[in-house]
Each structure stands twice: as structure tokens, then as C-alpha cells.
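> The amino acid sequence is not available; the structure is as follows:
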């Protein structure tokens, strides 16, 4: 069973998150209403490792939030790598801009403020890796939109696909977020264009490899 003690043990035996990310993490927990939404130390190191292993040249992130995950992925990119990250909430821009310019990897990041459904078609890019971590009601729509822009052999990641265990509970009709995740998970399960696996990491992380 995954306990707080195991969590502490894991974090003490992996690479540290570093001063910048640690400061961002503290700032988010003090000043933001939903700090749990940021990726955090363990998932951040995993996202960096995915980038180290797959060496994507172009990454798309849907849902920047604090840019914690963005900064972690940028760490793992080669020098010619680039992340397009999209945040719909313009009120997050000031927070994000406190940290992005301080990163030694800032030149690998392009921040877009606005609706991903409108921005993605305008980017004129083919992506090697996509990280979806935005409005859960829109997961299936994000997936359908981005799929043609992902190269064969590309990796798509979707966060929060276990949604705090709500995926195995009775869902009230008013809970559109959980319904969105359930619909997305079923859609992915039945999509034979990809290979897929759900990692029971934090709130669930689905990995999809485009055939």
C-alpha cells in the first residue's frame, strides 16, 4: 500500500527538484487555491525522465497551471527541443512569469495564453510528445484535436485519469469532471490506433503510444 512513509522514502531516494521548483511549489501552496493541481516532485522527475528517454524535439502541454511540469520537461529536452504550453486562465500568467524567466531552460518554452482548441491548429507543428492536464470535461476533445498532430511513434500522456478514485465510484449526473474522465478512459480503451497503459501514479497517468 502506498503510504506517506513510502512517499517520503521515494522522494528521498530520487533526484531533488532543485531550488527553483521548490520555491515554485512553496509559493503555490501558500498563494493558490488548488496547489494540489501542480505535478509535484515525483511526477515532475518522471516527466523529465520521459523526455530524457524519448528525446522529443517538439512537446505540447495542454494546461500549464503553474508551469511546474513545463519546467521539468524542459530540463529533460535536448538543446534543440521546444515545448508549446497552453494555459486558458490568464490569471495564472503573472505566477507563471515569476518562474519561467529564471529557468536555465527558458528558451525551450513557448507560453500561450488562451483556448487550446483555438491555439493548437495555429501552431503548425508535429509533436513527438503531448501532455494533457487541463479541463477534465474536455479530455476527449483535446485528444481528438491533437491526435493528427502527433507523429507515428509519438507519446501522449494524460494526467488525473484515476481522478482520486472516483472512476470506480457511482458518479452523480452533476459531476461533469468525473464523467469527462470516464468517457475519455473508455474512448482510449477502445482506440486501436494506440497502445496504452494507466500508471497508478498520484492521480493516475495514462501513457499512449501512437502506432
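Received, thanks. What you are looking at is a predicted structure, and each value in this text was computed from that prediction instead of being measured. Numbers count the residues shown, from 1 in each chain.
> Could you use CA atoms for every contact and neighbour count after this?
Will do.
> For the residue lying closest to residue 150 once chain neighbours are set aside, the count of nearby residues, please.
Nearest non-adjacent residue to residue 150, counting by C-alpha to C-alpha, 6 or more residues apart in numbering: residue 127, 4.7 Å away. Taking other C-alpha atoms under 10 Å as the criterion, the count of residues near residue 127 is 24.
> Spit out the contact partners of residue 127.
Contacts were defined as C-alpha atoms under 8 Å, 6 or more residues apart in numbering; by that measure residue 127 touches 56-60, 149-151, 154.
> Just the buried subset of these, written out for PyMOL, thanks.
In PyMOL, a selection of the buried entries from these looks like this (16 or more other C-alpha atoms under 10 Å):
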select buried, resi 56+57+58+59+60+149+150+151+154
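> ok, back up a step: and the residue nearest to residue 150, what are its phi and psi?
Note on residue 127: backbone dihedrals following degrees, to the nearest 10 are phi -100, psi 140.
> That one and residue 146: what is the separation?
Noted for residue 127: a distance of 9 Å to residue 146, by C-alpha to C-alpha, to the nearest Å.
> Show me where this protein has its strands.
Along the chain, the stretches classed as strands by DSSP state E are 58-62, 82-87, 109-113, 127-132, 150-159, 194-199, 205-210.
> So which elements touch the second one?
Contact here means 3 or more C-alpha pairs under 8 Å, 6 or more residues apart in numbering; DSSP states H and E; on that basis strand 82-87 packs against strand 58-62, helix 68-76, strand 109-113, helix 116-119.
> Columns mean pLDDT on top of the ones you listed, output as JSON lines?
Shown next, in JSON lines, are the helices and strands packed on strand 82-87 (pLDDT from 0 to 100):
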{"stretch": "strand 58-62", "mean pLDDT": "98"}
{"stretch": "helix 68-76", "mean pLDDT": "98"}
{"stretch": "strand 109-113", "mean pLDDT": "98"}
{"stretch": "helix 116-119", "mean pLDDT": "97"}
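> Residue 23: which of the ones you listed is closest?
Nearest to residue 23, of all those, is helix 68-76, at 10.4 Å by C-alpha to C-alpha.
> angle of the closest one against strand 58-62?
170 degrees (axes from the mean of the first three to the mean of the last three C-alpha atoms, to 10 degrees).
> any idea how far helix 68-76 is from the chain center?
Mean-position distance between helix 68-76 and its chain equals 10 Å (C-alpha atoms, centre = their mean, to the nearest Å).
> Equivalent analysis for stretch 9-18, please.
Here stretch 9-18 is found 20 Å from its chain centre; the criterion is C-alpha atoms, centre = their mean.
> Buried residues of it, list them for me.
So, applying 16+ other C-alpha under 10 Å, buried residues of stretch 9-18: residue 17.
> for stretch 182-198, same thing?
Residues of stretch 182-198 classed as buried: 182-185, 188, 194, 196, 198 (neighbour count, 16+ other C-alpha under 10 Å).
> now stretch 18-25
Residues of stretch 18-25 classed as buried: 21, 24-25 (neighbour count, 16+ other C-alpha under 10 Å).
> ok now it, how far from the chain's centre?
For stretch 18-25, the distance to the chain centre is 18 Å (C-alpha atoms, centre = their mean).
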